[in-house]
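Undergrad: Give me a 3D structure for the following:
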Amino acid sequence: MAEVLALVEARLRTALGEPDARAAVTFLGTDRIEVLRFRDKDAGGDLVRYATLGMSAQPMTDPTAALADPVKGPRAELLLSVRAGRADTDQVLRPLAVLAASPQVEGVVVAPGASLDLGDPLWPGAPFTSVLVAEPGGLVEDLELDAPLDPVRFLPLLPMTPNEAAWKRVHGAQALEERWLTSGTDLRDPGRRPVGLD
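TA: Below you'll find the predicted structure:
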């Protein structure tokens, strides 16, 4: 589905500008996943955005389905925004590719409200080992594809500490997002402290 990925990359460039770096990761038995890095010029270069490219080449399949539909099914790419220069966040490229390959490797459907757990820090020294998948549409609009293909959704990822991830499992994604909001949490700060969960 090279044509789908060409359209996806064009949409990313339209929304985020030209990438200033890209890396490719291939896992055994999966398609190649690229991660593109964009500097947000509107934020004075203070924000770095990472976007996967390759996850949307195949539709995600419900793990309970008897047969995988090669055409129909949700498609997505992942987006991560962090403040530049505060941590070695470029080391997030491989973990992001691992998350983007999870539909092919583990047969999961990545959707808003889901938690994706790496079990290891997102980058060296990061207090985050998992991410919350947020609602799409704010940064990069959905990409409509010709029928019968589903549109490609660009899903923002919000890093979670282990305690936040455990709290989210009990109380739900919306409750955690409300905690972040009421606490004024800067979710783009790569060194932020966990939100109070008392």
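Undergrad: any weak-confidence spans in this protein?
TA: Scanning the chain for pLDDT under 70 picks out the ranges 1-2, 41-45, 63-69.
Undergrad: Give the full set of residues in contact with the most centrally placed residue in it.
TA: Relative to the mean C-alpha position of the chain, the nearest C-alpha, by CA atoms, centre = their mean, is the one of residue 78, at 2.8 Å. Residues near residue 78 by CB atoms under 8 Å, 6 or more residues apart in numbering: 51, 52, 55, 96, 99, 100, 110, 154, 155, 157. C-beta: built from backbone N, CA, C; applies to glycine.
Undergrad: Count the neighbours of residue 159 for me.
TA: Using other CB atoms under 10 Å, residue 159 has 24 neighbouring residues.
Undergrad: before we move on, what about residue 193?
TA: 10.
Undergrad: Just give the nearest non-adjacent residue to the residue nearest to the centre of the chain, would you?
TA: residue 52 (4.5 Å; CB to CB, 6 or more residues apart in numbering).
Undergrad: Hmm, residue 95 and the one you found touching each other?
TA: No - counting by CB atoms under 8 Å, residue 52 sits too far from residue 95 to count as a contact (10.8 Å).
Undergrad: Comparing those two, which shows the higher neighbour count?
TA: Neighbours per residue, other CB under 10 Å: of residue 52 and residue 95, the larger number sits with residue 52, 27 against 23.
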